[in-house]
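Peer 1: only geometry, no sequence info:
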Ligand SMILES: [Mg+2]
Ligand SMILES: [Zn+2]
């Protein structure tokens, strides 16, 4: 049985930049638990020495030549911007210290 | 010279992000350019628009292979691009395409000379991997005075190599020497301009201390974004001092990301790493694994140029240069190439080294130019030195022309003539000048004849002054000696 | 408004156009009017391209009159799912978070359709970001099944299935990540084909789960499906997962002959447990029909079938959690009003912008990839994926085509599953393995149960679309299920 705590669900939500309302959080715990309980059936599968499949294709890495195309017109690049200034996108003020990377 | 610490062993590991000098981005055909207006070098891929897909830049892979070979790494035939997931406005897709469990290059080393002439230190590299750069955030208020942060994605997706060293460095000066050597290698093999001012070469440093002689590693902190060699040394020194103080007090060092403030010369905590970051790396399903053939690696190996340390050793043996001159001449590949071309034109190495290291580099420095921009061709430098050898002009006059030749080019002999700088060695003018000087200073001539030989220098100076420096000093000396009956 | 008569199959329309009995302008008008007239009942379109579609139809007519049509599809009205971008047109993926987004570039699919002269009349309804099996998770509201409007059209490409089933367009395009073309095709009584992974470029297809997503077609019969697939297939250098294969000649294999072909009947797909017995009966009858046509039957085994749904949901949600990180309100799409800080902007834009099912899957996927769980869930699921692929390799060593039901049931009532996500996921049991193994799969109508269409699924080895369509075509030459029309819309 997967036992997920409310705290874990909230941590995962925070990683995904989502907030859960009080009622949603309880519900999400139950739903995730049910899904992970179901997924637990994989535990019984013997995968000793089985390589993982990330891609079904046995391809050699396709590569492109290093030639630069024209840039997208700035007006096209910015056309969908919720907020812009000149040709820059604008977001609420970022404080230096909340560096994420 | 910034040293380690008297009571603690200092352990430093460096992570360098070097920008590869490609035309287009790592996974997008958008142009790579510097200094363009915001979002003028972008493609739907760089904006992370719905539905876009990455395609790998072949040249970036070639460059990564060259960098791996030049640093004695194993280039992996199979490597994997992974997604590093985190949210930040400079990261358009919400993940960075990087390499994680299976990087392209592993386990290398470079030899680092910390002090000229001293035995090199071998610093091990953990890995080199390829990844895309993030965009740029502009925090200062814009023209329209909005108080938000502006996002420019011109740099988003530019190809980087992340080069990670083992914690083999023991002092700030070693760290700086390592960075200089690494930068030299990347430039030598032509994969990165490694221009620190443009952010082409950025460094993070992991620093920890342990009481001298003990085995257990201390808690390390990470200094972020050190963008000059001087700051690297200063910041690490400051961080060593801060950690030493904590150790002295018995206060535990906390794992943290640090920033260095050059105004106060101190480091401060940016953020504590209470929980390890959870980047949820996984293989990028949009990119199949990177397969490199053994032939491709051998082709790259064959194309690898002679590197600085090998060239330096060869210059010492082939041209009988001092270690110091050889090191200076091999610091950059264009300088070394210039030197060899000038030697080929002139025939002898030592005079070329002297002229190049003293006069040409000084002129370039004053003109704020690199050797590639010098209009004085190596053959012309050789010609200039030969004019001095032949006594056609004197060394001082020739030196005075270097800056002009470097800036504008031209034929040295023609320029000497144009400026009227021909030496007066054979002309009657020189003899007249000597006689005039001896006539003006009979007492000094007398002193010389009485055995006070150093008076000759004074008399020579007078002749040179009278000829406005155009006389060949050798010829003046000979003529004076003859007239004085020496 | 009374609806104009339905548009029949591609070849019929082509013949009418070529004989000058109709024009592209008339066909496109009819398609647009029918779409609008049926929209209140079916909700199959999120957006229609009235004016530009009509202008394109006139150009197609001009080409035809000059005797210079671009392809068999020139001037034919078609529809695309709302997750395939078209330059200058909105794309929403059925999500609030992409409200107002207009794409500055086109998908390869759209470029190919434009090059062929097809007229895209609009974008079809779908579960938000293709996450669902009922088209109920859409900002527009659920599409209804033309055979019974109280029932689901299936999903996530429900709108495209409905558009073809209801005779609005003769052809539509969808995407299939775990059955999202085949299941709605089965529910709506049309042919739905998911090609081999890599066969059709994903450039410009908004990603749900990149290693599973594949564009495919909805059509009235196998012949039309073959024509459409030929047109949209082929290697694309903009998609690193595109198979380096030329577009296949699929119509050449439609000769009606299946004699000697070995049909594999997987034991694990024909257990009575959880399957509507009527559905099983129709599928068995269809298999018997193919046997009568000369095919041989062989029982095969796909022993890891029981792991497929769990494996699929772990991998698909993990990839989705990362693919959907770009919807952050910075460069395009919905941004929450009045956010006080960057963090606030992210959280509120995403929380308000995504619907419940998408959030549920993002949470699961984030959990699966997070530190400490990666090996237990994600890596484990990737290993099991290898076993599922090996099952198929072994099965195809003994047969040419695998035959199964498409879905364990016919279309269920709208609203009956939304409260129980796990039950909804389990109904994908017959379709997800095909995506996990990257195989081609087709669903075709094979009868009715309770008045609702039943789908027969054919699965083949990689790149063997031609073989699947040959079997489907042979079946359709002997039966008339694909010509049945929803009664009240006839
Ligand atoms: Mg790093
Ligand atoms: Zn990095």
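Peer 2: The structure has been received and is ready for your questions. Please read these numbers as outputs of a predicted model, since none were measured by experiment. Ligands and ions are numbered 1, 2, ... in the order given.
Peer 1: lowest average confidence, helix or strand, in the chain?
Peer 2: Since you didn't name a chain, this refers to chain A. helix A:22-39 (a mean of 89; mean pLDDT, DSSP states H and E).
Peer 1: I was thinking of chain C, sorry if that wasn't clear
Peer 2: Ranking chain C's helices and strands by mean pLDDT, DSSP H and E puts helix C:421-426 last, a mean of 81.
Peer 1: next SSE after it?
Peer 2: helix C:432-437 (DSSP states H and E).
Peer 1: what is the mean pLDDT for the next helix or strand after that following helix?
Peer 2: For helix C:432-437, the following helix or strand on the C-terminal side (DSSP H and E) is strand C:441-449. Per-residue pLDDT over strand C:441-449 has a mean of 98.
Peer 1: re earlier: list the buried ones in the least confident helix or strand of chain C?
Peer 2: Going by neighbour count (16 or more other Cβ atoms under 10 Å in any protein chain shown), the buried part of helix C:421-426 is C:421, C:424, C:425. All C-beta atoms are positioned from the backbone trio N, CA, C, and that covers glycine.
Peer 1: is any residue of it near chain A?
Peer 2: Yes - against chain A, helix C:421-426 shows contacts by Cβ under 8 Å from any Cβ of the partner chain at C:421, C:422, C:425.
Peer 1: check which helices and strands that helix sits against.
Peer 2: Packing partners of helix C:421-426 (3 or more Cβ pairs under 8 Å, 6 or more residues apart in numbering or on different chains; DSSP states H and E): helix A:22-39, helix C:308-323.
Peer 1: at 10 Å instead, please
Peer 2: helix A:22-39, helix C:308-323, helix C:356-369 (3 or more Cβ pairs under 10 Å, 6 or more residues apart in numbering or on different chains; DSSP states H and E).
Peer 1: got a list of contacts for it?
Peer 2: With contact meaning Cβ atoms under 10 Å, 6 or more residues apart in numbering or on different chains, helix C:421-426 is reached by A:31, A:34-35, A:37-38, C:132-134, C:136, C:155, C:178, C:274, C:309-310, C:312-313, C:316, C:356-357, C:360-361, C:364, C:408, C:412, C:416-418, C:420, C:432.
Peer 1: try 7 Å this time
Peer 2: Residues outside helix C:421-426 that contact it (Cβ atoms under 7 Å, 6 or more residues apart in numbering or on different chains) are A:31, A:34, A:35, A:38, C:133, C:309, C:313, C:360, C:417.
Peer 1: closest to residue B:124 out of the residues of helix C:421-426 next to chain A?
Peer 2: residue C:425 (49.0 Å; Cβ to Cβ).
Peer 1: what parts of chain B come near chain C?
Peer 2: B:44, B:47-48, B:50-51, B:53-55, B:83, B:85, B:87, B:89, B:92-95, B:151, B:276, B:278, B:280, B:282, B:285-288 (Cβ under 7 Å from any Cβ of the partner chain).
Peer 1: for chain B, find the nearest of the helices and strands packed on helix C:421-426.
Peer 2: helix C:356-369 (3.8 Å; Cβ to the nearest Cβ).
Peer 1: near chain A, anything from that closest one?
Peer 2: Yes - using Cβ under 7 Å from any Cβ, helix C:356-369 comes into contact with chain A via C:359, C:360, C:362, C:363, C:364, C:366, C:367.
Peer 1: now do stretch C:383-390
Peer 2: Yes - using Cβ under 7 Å from any Cβ, stretch C:383-390 reaches chain A at C:383, C:384, C:385, C:386, C:387, C:389.
Peer 1: from the centroid of chain C, which residue is nearest?
Peer 2: Central residue of chain C (Cα atoms, centre = their mean): residue C:181, 2.2 Å from the mean position.
Peer 1: and the angle from the least confident helix or strand of chain A to helix C:356-369?
Peer 2: For helix A:22-39 against helix C:356-369, the angle by axes from the mean of the first three to the mean of the last three Cα atoms, to 10 degrees is 60 degrees.
Peer 1: what are the phi and psi values at residue C:298?
Peer 2: phi -140, psi 130 (degrees, to the nearest 10).
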